[in-house]
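Colleague: From the sequence below, what's the structure:
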Amino acid sequence: MFTVPSGLLKNDPNLYFFETSATIITLVLLGNWFEKRAVKQTTSAIEDLTKLQVEFAKKIMPSGTVVTIEASEVLPGDWLQVNEGDKVPVDGTVLKGSADVDESMLTGESLPVSRLPDDRVLGGSIVSSGSLTIAATATTRDTTLSQMIELVKSAQINKPDIQRLADRISGVFVPVVLGISILTFFVAVFFFDITPHQAMLNAIAVLVISCPCAMGLATPTAVMVGVGRLAKNGILVKGAQTIEVFAGIKNFVFDKTGTLTNGDFKIKRINYYADNQAEIRAMLLKMERHSSHPIAQSLMKELGNEQGLPKVTISKIQELKGQGVTAFDGEGNELRLGFPPHL
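Modeller: You can find the predicted model right below:
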């Protein structure tokens, strides 16, 4: 016959488990905090991609008037004006103009790419210099950027084989553990002559130790974090199963080195072939200040400011797209800085 343990009625201090319950609650809350933090970091990758989307577009009407509309209202065939510093609203084809377009956030190409008539431009890319008139070829839902966002979302939702296995095991494991825990209690009481309260402790120990929380929660969390970290570093995968394939890869082969850089160029060495180094530095600073090219910006960082440098007279500074910068000094000599053919 089952009786209530006398220790429970007599407030036996050996049956107090406040510190145990506090520890379990603390560990569960800590696990939830880590899980939410991991999910937040994962969703931030999608948010970063979403921020690239454009809210408004400049539509050229048949009369030639330029009106501002919401990007979601753009239809294939619409003519759009994209000026220097603007984001391209949707995917399109260049009709008029020429520009250098920064597509690094979409393609990983660190250097701006030149876009001329009949070239394709991607929605979300930035016109770093020049201006374009483009014909939209897609709506905001069908752009390359939108497809990338959906790709990341679907990759997080899709379950790899290891997660499906964990779900199947958890579905069977939970009822089995509950049955073993109940069986432990009755076997201990009726077959081993153990007191009911000690048998209850044994049953609880089986239940706590065999809990499959780590298997059921850690696997999907790890998948979400993995896909999110990949997306944040510019690596997109078609599905979560791809991550499992990565575990067996020993070597990667890339056919382009330009896409493996971060676009932040650093000057290794500057060779001077004249004695007036300070004057040359001052000329470089004045000329490169008028260029937004990544290499020009790296030179500016390397050369620093003009403090301590001699004053030089530079006039008629002009940047030639894709070639370099030209200028004239105080004596009328032409100065050229840039791509070798330009020099």
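Colleague: residues near L165, how many?
Modeller: A count of nearby residues for L165, using other CB atoms under 10 Å, gives 13. For every residue, glycine as well, the C-beta is placed using N, CA and C.
Colleague: Tell me the secondary structure at it.
Modeller: Each residue gets one of three states, and L165 gets helix by DSSP: H, G, I helix; E, B strand; the rest coil.
Colleague: Kindly report the same for I69.
Modeller: When states are read from three-state DSSP, the local structure at I69 comes out as strand.
Colleague: Distance of it relative to N276?
Modeller: When distance is defined by CB to CB, to the nearest Å, I69 is 55 Å away from N276.
Colleague: same thing with R289?
Modeller: Shown here: R289 relative to N276, a distance of 20 Å by CB to CB.
Colleague: what about the two, which has more around it?
Modeller: Neighbour count, other CB under 10 Å: between R289 and N276, R289 has more, with 15 against 12.
Colleague: buried ones in the helix or strand where I280 lies?
Modeller: Assigned by DSSP states H and E, I280 belongs to helix 277-288. By neighbour count on 16 or more other CB atoms under 10 Å, the buried set for helix 277-288 is 280-288.
Colleague: Looking at those residues, which is nearest K250?
Modeller: Sorting the buried residues of helix 277-288 by how near they are to K250, with CB to CB, puts E288 at the top with 43.2 Å.
Colleague: Touching, that closest one and V325? I think so.
Modeller: Yes. The pair E288 and V325 qualifies as a contact (CB atoms under 8 Å) at a distance of 6.9 Å.
Colleague: Find residues that contact each of those two.
Modeller: With contacts taken as CB atoms under 8 Å, 6 or more residues apart in numbering, E288 and V325 have 296, 337 as neighbours in common.
Colleague: what's next to stretch 139-148, contact-wise?
Modeller: Counting by CB under 8 Å, 6+ apart, stretch 139-148 makes contact with 49, 52-54, 71-72, 74-76, 89-91, 106, 122-124, 236, all of which sit outside it.
Colleague: hmm, 10 Å instead?
Modeller: 46, 49-50, 52-55, 57, 70-76, 78, 88-92, 103, 105-107, 120, 122-125, 136-138, 149-150, 231, 236 (CB atoms under 10 Å, 6 or more residues apart in numbering).
Colleague: I am finished for the moment; much appreciated.
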